[in-house]
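The sequence and its predicted three-dimensional model are supplied below.
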Amino acid sequence: MASPKALLRTYGINPKKTLGQNFLCDRQASEMIIRRCGITAGDTVVEIGAGTGALTVPAARAAIRVHAIETDGRLIKLLEQMVNDNQLSNVAIHHKDIMDVDFPAMAGAAGGKLIVIGNLPYYLSSQILIRLVEHREVISRAVLMFQQELARRVAAATGSREYGRLSVIMGYCSEVTTVARLKPDLFYPRPGVHSEVIEIKFKNTPATGGCDEALLFDIIRHAFGKRRKTLKNALTSGIPGPGIETWMDILARAEIDPGARAETLMASDFVNICNYYESIYATTKERHSNG
Ligand code: SAM
């Protein structure tokens with residue numbers, strides 16, 4: 001693997017901090033990550049932020065097709081050169097923002113679910129994760145590198161210090177395992193923090209009892225929005241509509257202490273709250289509007 005530092009110098013490119021550009025420099029590390037992705041010959045892979053191709057090349061050797069997404073136009077020629085030099089005919093390079101990628105269309109063309117990989121730009125990691133959750137009907141799993149602190153939040157268990165909104169959402173729709181930890185000196189430029197690679201296997205059918213997922217995510221967001229508030233207060237002030245009495249009723253039916261804090265609740269508790277919100281509040285609203 002050519003050193004990203006030398007490659008970038010050849011193309012006259014300075015890494016941009018604003019795009020989260022810390023390029024993986026270690027061939028063994030990139031091959032280890034791709035091995036742990038468990039990509040097989042029939043898989044179609046989408047790579048987020050292909051950069052200088054550290055993961056693109058080994059991924060393309062394992063998969064039937066790789067869609068390499070990169071927003072920085074300066075890196076596209078370099079990536080094309082990398083693909084040519086390695087005689088890879090199964091890489092499609094897309095000069096695109098990952099937030100604009102049409103995952104269902106890619107899966108449709110592939111004739112099956114996608115595997116998403118990437119050493120994520122840190123400034124956008126949470127938003128990317130939520131976007132993958134929203135498109136999980138066409139994504140079987142994702143193997144992603146995050147800053148260690150965020151990776152731990154994503155994988156955190158209920159009640160732990162790191163447990164938050166992302167942990168609940170991921171617990172609700174996936175199984176998360178830590179795959180590898182990487183030191184800052186494996187990257188150029190060297191980041192200030194360690195990185196972690198996690199695997200996210202999306203569940204086929206999370207147990208919702210039919211509740212509206214957008215509402216569920218809203219409830220989770222508000223519950224964690226005011227971390228020091230009790231659940232009853234966070235929900236009453238965050239979600240317009242039901243007053244404190246109705247929230248007390250919803251929480252009582254869901255068998256949740258209204259004085260509890262969000263970090264003590266599991267994903268299934270939030271699903272219960274969402275279901276009771278719909279049955280109690282929607283019914284009350286209907287009664288009022290009919291009467
Ligand atoms: N995959 C390469 C590696 O491991 O060396 C690069 C990883 S670097 C941490 C993140 C990459 O994501 C950069 O190449 C950056 O330009 C790209 N990137 C940043 N924002 C992006 C976006 N919105 N959509 C697609 N790529 C983006």
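Yes, it's here.

Assign a three-state SS to Ala92, would you?
Using DSSP: H, G, I helix; E, B strand; the rest coil, the structure places Ala92 in strand.

Can you tell me the SS state at the residue lying closest to it once chain neighbours are set aside?
Nearest residue to Ala92, sequence neighbours excluded (CB to CB, 6 or more residues apart in numbering): His67, at 5.1 Å. Yep, even glycine has a C-beta here, placed from its N, CA and C like the rest. Secondary structure assignment for His67 (three-state DSSP): strand.

Show me what His67 is bridged to.
Val46, Ala92 (DSSP bridges).

Just list the residues touching the closest residue to the ligand within the stretch 151-291 of the chain, thanks.
Distance from the ligand to each residue of the stretch 151-291 of the chain (CB to the nearest ligand atom) is smallest for Phe187, at 7.4 Å. Neighbouring residues of Phe187 by CB atoms under 8 Å, 6 or more residues apart in numbering: Asn22, Phe23, Leu24, Cys25, Ser195.

Close to the ligand: what parts of the protein are there?
19-24, 49-52, 54-55, 69-72, 75, 97-99, 119, 121, 124 (CB under 6 Å from any ligand atom).

quick one: low-confidence ranges for the protein?
Screening the chain residue by residue with the criterion pLDDT under 70, one finds the ranges 1, 207-210, 227, 283-291.

could you point out which element follows the lengthiest helix in it?
Determined from DSSP state H, the single longest helix within the chain is helix 213-225. Following the chain from helix 213-225 toward its C-terminal end, the next helix or strand by DSSP states H and E is helix 231-238.

Compute the number of surrounding residues for Arg74.
Burial of Arg74 is recorded as 14 neighbouring residues (other CB atoms under 10 Å).

where does it land in three-state SS?
Here Arg74 is recorded as helix under three-state DSSP.

and the angle from the longest helix of the chain to helix 231-238?
110 degrees (axes from the mean of the first three to the mean of the last three CA atoms, to 10 degrees).

mind listing what's buried in helix 213-225?
Neighbour counts using 16 or more other CB atoms under 10 Å place Glu213, Leu216, Phe217, Ile219, Ile220, His222, Ala223, Phe224 of helix 213-225 among the buried residues.

Which of those lies at the shortest distance from Ile280?
Distances from those to Ile280 were compared by CB to CB; the smallest belongs to Ile219, at 13.4 Å.

Pull the contacting residues for that closest one.
The neighbourhood of Ile219, defined by CB under 8 Å, 6+ apart, consists of Leu235, Ile239, Phe270, Ile273, Cys274, Tyr277.

these two touch, right, Gln21 and Glu70?
No. Using CB atoms under 8 Å, Gln21 and Glu70 do not qualify as a contacting pair, with a distance of 10.5 Å.

ok, which stretches of the stretch 151-291 of the chain are strands?
Taking DSSP state E, counting those that start in this stretch as the test, the strands found in the stretch 151-291 of the chain are 174-182, 187-188, 195-202.

I'd like to know which elements the first one is packed against.
Same thing as strand 174-182. Using 3 or more CB pairs under 8 Å, 6 or more residues apart in numbering; DSSP states H and E as the contact criterion, the neighbours of strand 174-182 among helices and strands are helix 27-37, helix 148-155, strand 195-202.
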